[in-house]
Each structure stands twice: as C-alpha cells, then as structure tokens.
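Novice: The amino acid sequence is not available; the structure is as follows:
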C-alpha cells in the first residue's frame, strides 16, 4: 500500500475500479462495461477473441515524446532487490507495430545492472504486423497468446 499511496492519493480507488485494464480507451471501456462479469469466472486466464481488422490497425497509438517515470523505476528496482538469488526474466511482450526501443532503455539498464535476462519480443518479426495474432494493435488474441506462451516456455526450458 505504501507503493500505491506514493504514486497518487487516488491510486487505490483507481485499482479497485479495474479501469486500468482498458488503457483509457473510452470505446473499449464502454464495450467492456456492457459485458461486466462475463470474464470474471475465477478461472484465471481469459483469452481475448477476435482478429485485427483495418479499423483497429489504423487507430492512432502514437506516443508523445517519451520520458521515463523515475518513481516507477525506483519501485521496479526495489522489487528486483527483494528477489535475492531468484532467477528473474524481464519479458517485453509483442506489439503489432513494434515498440520504440527508447521507451525500453531504462528497464534494460536496470536489467543489465542486476544481470537479469531482458527478453524483448516487441519488435520480433514473428509478431510485428502479423494480424492473425492480435485482437487489436496492443493485445494478442488467443492464438497469439498461445504462440507467445510457447516461445516463453522454450526460453524457460533453456534456462533450467
């Protein structure tokens, strides 16, 4: 709770409202509100359905100039320090358009500092612009999630 309170005094209410999972996309939020409770069956992973279409591809997701959040980096580092000798992997999931490497640099530097494996699928040719794997430009569909899970399992087996 100290971490949550230090971010913003209203943060705990935001977390309770479950609004974060909709990435502040108003249309997505309204659609999800229509189906409240349908995915909350306590079964764990709930796959996203659908495939990417032209309208979803053309939606603008252009980030503004990027500045790292020093508070988030501070808590990421504090979390890393609590794991002692545990094996940690930092995995960046795929994105339809790929990701600007500049936004990943602060996390990569922390991983380098603590000798943590940094596994970046954000610009993997296997996933970038592969419509069959996405429900929208930011989220894998069930097929994409299955494929990505297989990739991660392969990496985990190699570490063992």
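Specialist: All right, it came through fine. Only a predicted model underlies this, so the values are computations on that prediction, with no experimental measurement involved.
Novice: List the contacts of stretch 80-92.
Specialist: With contact meaning Cβ atoms under 8 Å, 6 or more residues apart in numbering, stretch 80-92 is reached by 99, 104, 107, 110-111, 114, 116-122, 152, 155-156, 159. Where C-beta positions appear, they are placed from N, C-alpha and C, glycine not excepted.
Novice: From one end of stretch 78-92 to the other, what's the distance?
Specialist: Its start and end residues considered, stretch 78-92 measures 19 Å (Cα to Cα, to the nearest Å).
Novice: Would you mark the buried spots in it?
Specialist: The neighbour-count check on stretch 78-92 (16 or more other Cβ atoms under 10 Å) flags 80, 90, 92 as buried.
Novice: Tell me how far the residue lying closest to residue 142 once chain neighbours are set aside lies from residue 106.
Specialist: Among residues not flanking residue 142 along the chain, residue 47 sits closest, at 3.6 Å (Cβ to Cβ, 6 or more residues apart in numbering). In this view, residue 47 and residue 106 are 31 Å apart by Cβ to Cβ, to the nearest Å.
Novice: Same drill for the two, tell me which one is more crowded.
Specialist: residue 106 (17 against 13; other Cβ atoms under 10 Å).
Novice: host element of the more buried one?
Specialist: Element membership for residue 106, per DSSP states H and E: helix 101-113.
Novice: In terms of secondary structure, what does that helix contact?
Specialist: helix 70-82, strand 89-92, strand 117-120 (3 or more Cβ pairs under 8 Å, 6 or more residues apart in numbering; DSSP states H and E).
Novice: so which of the ones you listed gets nearest residue 146?
Specialist: Closest approach to residue 146 among the helices and strands packed on helix 101-113 is made by strand 89-92 (15.8 Å; Cβ to Cβ).
Novice: Report the strands that pair with that closest one, each with its relative direction.
Specialist: According to DSSP bridges, strand 89-92 forms sheet pairs with strand 117-120 (parallel).
Novice: I'd like the mean pLDDT over the strand it pairs with, please.
Specialist: Average pLDDT, strand 117-120: 93.
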